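Trainee: have a look at this prediction, sequence included:
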Amino acid sequence: MKKLIILFFINISLVNYSQTRKLFFLNPPDTHVISSDLHIHTVFSDGEVWPSIRIKEARRDSLDLISMTEHLEYLSYKNDLKITDRNRSYNISKALLKKDEPLIIVNGSEITKPMPPGHFNAIFVKNKQGAFVFWNHPNWIENRDDGIAKFDEIHQRLLEKKLFHGIEVVNEHTYSEEALALALDNNLTIMGTSDIHGLIDWTFDKEKKQHRPITFILSKNRTIKSIRDALFNQKTFVWHRDILIGKEENISPVVSENLKITSLGYYKKIVTIKIQNKSVVPFKLRYLGDYTFHKNSSILEIPARGELLVTIKTKEILTSIKMSFEVLNVITAPKKNLVIKKNINL
Ligand SMILES: [Zn+2]
Ligand SMILES: [Zn+2]
């Protein structure tokens, strides 16, 4: 009986990790879509919670990768909390991870200098070399009173010396088109982070269907080395509110993989197609071709993990058609949306 009970509990804990984890996207071929939040604070800088809460939040949000990026300069509780070891937050977090759970933690730190140059995160910190460094909240209104992200001379110099590699296009609740332009013009990795200080669920209200910003990293496999390489190679896109932001080459295979279109056949000369969305992001499509639809306008909304039936007037009975859509909530450059093309057998 005792054995049985133990087995029962082992089973429950296994089920917990595998079945309650959210799958954000189907993986395109030979790619692992890694979910990450790489800008997080705890009481070891100016956050309001102990690192264990961050681990629990990351598990609840099905994240694959996080980093505690406490800043070295600004410590809110230095009169109450003696911080002698700057790796403490990372070490406490790391010790809480179970042996085979999917969540990975990498060491990180926020370097908070006055503007210019402003705040930077360094992650995968091991020694003086090799860290992945990104510029935080370049649109922060405390530093830029017009909210416009732009380089100062020092940023150009840092960039020439390859001292930073990414830029936050999304920070907490904000999205910066100017930061996206800087990323694209200067081959910087597009980043989106929560920069969380309070509780995730209070800052991003789940009842209002909000979620923390997530940087998805397109990695060859799930090893830390592969994920780090992917970050250096700019293989990311960001989920913020109901939009995805990323370079076309990164985001196009993911959206294509997650939007499946199949035919349900003809009635008279009108064919019905089923558009399925396998992802957590609702997609808003604008049809770009010449056909007209029997029920819908050219704007089609495909709910997250849902589907939409569309009846197309093809005028004659065809065996296949080509359709192109602009994906209105997928941004590949300022004022530019992703276009996807599909061949559909009818
Ligand atoms: Zn900061
Ligand atoms: Zn911060």
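Mentor: Perfect, thanks for sending it. Ligands and ions are numbered 1, 2, ... in the order given.
Trainee: the residue in the chain positioned nearest to ligand 1 - how many residues pack around it?
Mentor: Proximity of the chain to ligand 1 (CB to the ion) peaks at residue 119, 3.5 Å away. Just so you know, the C-beta spots here come from the backbone N, C-alpha and C atoms, and that holds for glycine as well. By other CB atoms under 10 Å, 25 other residues sit near residue 119.
Trainee: then the one 5 residues further on?
Mentor: The tally of other residues near residue 124 (other CB under 10 Å) stands at 19.
Trainee: from memory it sits against residue 134, does it?
Mentor: No: with contact taken as CB atoms under 8 Å, residue 124 and residue 134 are classed as non-touching, separated by 11.5 Å.
Trainee: and the longest strand along the chain, what does it pack against?
Mentor: Identified as the longest strand of the chain according to DSSP state E is strand 320-333. Contact here means 3 or more CB pairs under 8 Å, 6 or more residues apart in numbering; DSSP states H and E; on that basis strand 320-333 packs against helix 177-185, strand 243-246, helix 248-258, strand 283-287, strand 336-345.
Trainee: helices and strands around the helix or strand just after the fourth one, which ones?
Mentor: Spelled out, it's strand 283-287. From strand 283-287 onward toward the C-terminus, using DSSP states H and E, the following helix or strand is strand 292-293. Strand 292-293 sits against strand 307-313, with contacts defined as 3+ CB pairs under 8 Å, 6+ apart.
Trainee: returning to that earlier point: which residues outside the longest strand of the chain are in contact with it?
Mentor: The contact list for strand 320-333, computed with CB atoms under 8 Å, 6 or more residues apart in numbering, reads 180-181, 184, 242-248, 251, 255, 261, 281-289, 291, 299-300, 312, 314, 337-346.
Trainee: wait, residue 346 sits on residue 274?
Mentor: No: between residue 346 and residue 274 no contact is recorded; they are 11.9 Å apart, counting by CB under 8 Å.
Trainee: who touches both of those two?
Mentor: Where contact means CB under 8 Å, 6+ apart, the residues bridging residue 346 and residue 274 through contact with each are residue 263.
Trainee: neighbour count winner among those two?
Mentor: Here residue 346 and residue 274 are compared on neighbour count by other CB under 10 Å; more neighbours surround residue 346, at 17 against 13.
Trainee: tell me what the nearest residue to that one once chain neighbours are set aside is bridged to.
Mentor: Spatially, and ignoring its direct neighbours in sequence, residue 346 is nearest to residue 263 (4.5 Å; CB to CB, 6 or more residues apart in numbering). Beta-bridge partners for residue 263, by DSSP bridges, are residue 273.
Trainee: same thing with residue 123?
Mentor: Listed beta-bridge partners, residue 123: residue 108, residue 132 (assigned using DSSP bridges).
Trainee: quick one: contacts for it?
Mentor: Residues touching residue 123, when contacts are defined by CB under 8 Å, 6+ apart, comprise 38, 67, 69, 106-108, 131-133.
Trainee: please repeat the previous calculation with a cut-off of 7 Å.
Mentor: For residue 123, the set of contacting residues under the criterion of CB atoms under 7 Å, 6 or more residues apart in numbering consists of 38, 67, 106, 108, 131-132.
Trainee: okay, the residues you listed in TSV with distance to residue 210 and pLDDT next?
Mentor: Shown next, in TSV, are the contacts of residue 123 (distance: CB to CB, whole Å; pLDDT from 0 to 100):
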residue	distance to residue 210	pLDDT
38	19	98
67	22	98
106	26	96
108	24	96
131	31	96
132	27	98
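Trainee: pull the most distant pair out of those.
Mentor: Spanning the widest gap among these are 38 and 131, at 11.6 Å by CB to CB.
Trainee: higher neighbour count, those two?
Mentor: Here residue 38 and residue 131 are compared on neighbour count by other CB under 10 Å; more neighbours surround residue 38, at 26 against 21.
Trainee: so how many other residues sit close to residue 111?
Mentor: Residue 111 has 16 nearby residues by other CB under 10 Å.
Trainee: same thing with residue 328?
Mentor: When neighbours are counted by other CB under 10 Å, residue 328 registers 16.
Trainee: find the nearest non-adjacent residue to it, please.
Mentor: What sits nearest to residue 328 in space, not counting adjacent residues and going by CB to CB, 6+ apart, is residue 284, at 4.2 Å.
Trainee: low-confidence bits of the stretch 1-150 of the chain, can you list those?
Mentor: Using pLDDT under 70 as the threshold, the predicted model of the stretch 1-150 of the chain has low-confidence ranges 1-19.
Trainee: can you name the residue of it nearest to ligand 2?
Mentor: Counting by CB to the ion, the stretch 1-150 of the chain gets nearest ligand 2 through residue 110, at 4.9 Å.
Trainee: and that residue, what does it touch?
Mentor: With contacts taken as CB under 7 Å, 6+ apart, residue 110 has the following neighbours: 69-71, 119, 121, 136.
Trainee: which of the helices or strands spans it?
Mentor: Residue 110 belongs to strand 104-112 when elements are defined using DSSP H and E.
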